[in-house]
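Asker: No letters, just coordinates:
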C-alpha cells in the first residue's frame, strides 16, 4: 500500500470522503444566518439507528457471495438470451453483458451523513456499444468523411449533423473536444494509450478537472504514484484538487498493483460500490498496464482484464484508463487487449521528422463508439495549464 495505514483501500477511501463531506456540512452550518442549533436531520437519525451490517466471509468488503468472476451473486442477469460472455441483454447490448449506466440508487439517501451535494441520482439506461451498422466511409453515422463517402462534394466535418439522443460530455481538453462531433457518450469506457512522457497522467487529471469545475464528483485510482504526488501534479497545473478533496467531491485512491491483482475479484465489486456511494461522475485508473503486468499467462491476463473492464462498464460511470503503448507500435497498448474492450481510444505519440530537427507530440482518435470524430493526427503541447491540442495546425 502507498500509505502506512492498516485499513484496506476501500475503507480508507470511504472514510476520507466521509470526512470531506462532514467538513462541507459544517461550513454550510457556520455560513447560515440562522441559529447553530436545530432539530437533527431525519437522514442523520436514520444513520445513527442503523445496525452495522454483518460482512460475509466470502467478501471482505461486505458485498455478499461472489461468483467465479468476483461479481456479486445478487446482481446476476436474468431474462433474455445470455450473450457469449455470460451477460444478459438483448439485441445491441454491449459485449460485456451489462447495460452501460446501469441502475443507480434512486432513494436519495446520503451514505456519508446527509452532506450537501449528495442526493438522488437518476438511473442511466441504454447500451453504449451499439454501432448501428454504419460504415466508416459514408452512410449513416460515418466517421469524419461526411454523408457521401468519397463521391460528390464532401461535407465539412464541423457542419455534419449528429442525430442522436445519447447524453454526451466533453473530455475537457481544448482542441480535442472539437475533434469529436457532439462529445463522447456519457458512461463510456475510454483509454489513452501512449509512451512514457506523452502526458497520460495529465490527460487523466484534466479529464477529471472538467467534471470537478462544474460541481461534479470524481475518483482517481493510481497504481503508479502516491496520493501526495498526484495532488502536487494537479497543483502545478492550477487545478484545485486539494480543495475539491476537502469538499468531499474528489477521492484519490493510491494502490499497490500487486495488492490490486491479488484482490481483484473483490476490488471489482468494491469499485462499483465506491462509484455508487460516492455518486461519482467520472473515474480515472492510471494505469491499466501495471495491472496487466501482474499476470504472466496470456489467457489469465486477458480474462482478468476483460472482467475488470466489464465491472467498470456496469458501474455506470464515465471512465478513463491510461495504458503504456507497445514499444514496437505506438498505436497499440502494451499487451494489445484493452483497446478492444473500451468504447473510445485516444493515441498519444511522438512524431519525429526524417531530419530529426524537432520531436513533436501528436494525438489521434482511433475510435469512439456512437460518435463521429476526426481521423486527423493533430499536434499538442503539455503546458503549465495542461494539454492543449492545436486543432487548426498540422504536424509538420
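Answerer: That came in fine, so what should we check first? From a predicted model like this one, the values you see are computed outputs, not experimental measurements. Residues are numbered from 1 along each chain as shown.
Asker: Low-confidence regions, the protein specifically.
Answerer: 1-10, 12, 16-164, 356, 396 (pLDDT under 70).
Asker: mind listing the strands for it?
Answerer: In the chain, the strands defined using DSSP state E lie at 168-169, 184-185, 189-194, 218-222, 250-254, 282-286, 318-326, 329-333, 344-351, 360-368, 378-383, 386-389.
Asker: And the helices in the stretch 201-350 of the chain, which stretches?
Answerer: Assigned by DSSP state H, counting those that start in this stretch, the stretch 201-350 of the chain shows helices spanning 227-236, 241-246, 257-262, 264-278, 288-292, 298-315.
Asker: Export these as CSV, with columns for mean neighbour count and distance to residue 193.
Answerer: For every residue, glycine as well, the C-beta is placed using N, CA and C. What follows is these, written out as CSV (neighbours: other Cβ atoms under 10 Å; distance: least, Cβ to Cβ, whole Å):
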stretch, mean neighbour count, distance to residue 193
helix 227-236, 16, 20
helix 241-246, 18, 24
helix 257-262, 16, 18
helix 264-278, 21, 21
helix 288-292, 23, 9
helix 298-315, 19, 14
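Asker: If we go by neighbour counts, what in stretch 386-394 is buried?
Answerer: In terms of neighbour count (16 or more other Cβ atoms under 10 Å), stretch 386-394 has its buried residues at 386, 387, 388, 389, 391.
Asker: can I get the strands of the chain in JSON lines with distance to residue 273?
Answerer: Converted to JSON lines, the strands of the chain look like this (distance: least, Cβ to Cβ, whole Å):
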{"stretch": "strand 168-169", "distance to residue 273": "23"}
{"stretch": "strand 184-185", "distance to residue 273": "24"}
{"stretch": "strand 189-194", "distance to residue 273": "18"}
{"stretch": "strand 218-222", "distance to residue 273": "12"}
{"stretch": "strand 250-254", "distance to residue 273": "12"}
{"stretch": "strand 282-286", "distance to residue 273": "13"}
{"stretch": "strand 318-326", "distance to residue 273": "15"}
{"stretch": "strand 329-333", "distance to residue 273": "27"}
{"stretch": "strand 344-351", "distance to residue 273": "25"}
{"stretch": "strand 360-368", "distance to residue 273": "28"}
{"stretch": "strand 378-383", "distance to residue 273": "34"}
{"stretch": "strand 386-389", "distance to residue 273": "31"}
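Asker: of those strands, which approaches residue 301 most closely?
Answerer: Evaluated over these, closeness to residue 301 peaks at strand 329-333, with 11.7 Å, by Cβ to Cβ.
Asker: List the contacts of the closest one.
Answerer: Contact with strand 329-333 is made by 191, 193-195, 288-289, 323-326, 339, 347, 349-350, 364, 366, as judged by Cβ atoms under 8 Å, 6 or more residues apart in numbering.
Asker: Considering those residues, which possesses the most neighbours?
Answerer: The most crowded member of the contacts of strand 329-333, judged by other Cβ atoms under 10 Å, is residue 193 (30 neighbours).
Asker: could you list every residue that touches it?
Answerer: Per Cβ under 8 Å, 6+ apart, neighbours of residue 193: 200, 322-325, 330-333, 338-339, 345-348.
Asker: could you redo the last one with a cut-off of 6 Å?
Answerer: 323, 325, 333, 347 (Cβ atoms under 6 Å, 6 or more residues apart in numbering).
Asker: Hmm, the second one is touching residue 197, no?
Answerer: No. Using Cβ atoms under 6 Å, residue 325 makes no contact with residue 197, being 11.1 Å away.
Asker: Between the buried residues of stretch 386-394, which sits nearest residue 375?
Answerer: residue 391 (13.4 Å).
Asker: Please produce a markdown table containing the buried residues of stretch 386-394, extended by distance to residue 298.
Answerer: Listed next are the buried residues of stretch 386-394 as a markdown table, based on distance: Cβ to Cβ, whole Å:
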| residue | distance to residue 298 |
| --- | --- |
| 386 | 36 |
| 387 | 33 |
| 388 | 38 |
| 389 | 35 |
| 391 | 39 |
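Asker: which parts of stretch 200-219 are buried?
Answerer: 200-212, 216-219.
Asker: can you tell me how far residue 292 sits from residue 223?
Answerer: 11 Å (Cβ to Cβ, to the nearest Å).
Asker: Now do the closest residue to residue 292 other than its chain neighbours against residue 319, distance only.
Answerer: With Cβ to Cβ, 6 or more residues apart in numbering as the criterion, residue 292 has its nearest non-adjacent residue at 5.1 Å, and that residue is residue 335. As judged by Cβ to Cβ, residue 335 and residue 319 stand 19 Å apart.
Asker: And these two? Which one has more around it.
Answerer: Neighbour totals were compared for residue 335 and residue 319, and residue 319 leads with 26 against 19 (other Cβ under 10 Å).
Asker: Residues contacting stretch 386-396, please?
Answerer: Applying Cβ under 6 Å, 6+ apart, the contact partners of stretch 386-396 are 173-176, 178, 199, 202, 206, 237, 351, 353, 362-363, 378-381.
Asker: Put the buried members of those residues into a ChimeraX selection.
Answerer: To isolate the buried subset of the contacts of stretch 386-396 in ChimeraX, counting by 16+ other Cβ under 10 Å, use the following:
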select :173,174,175,176,178,199,202,206,237,362,363,378,379,380
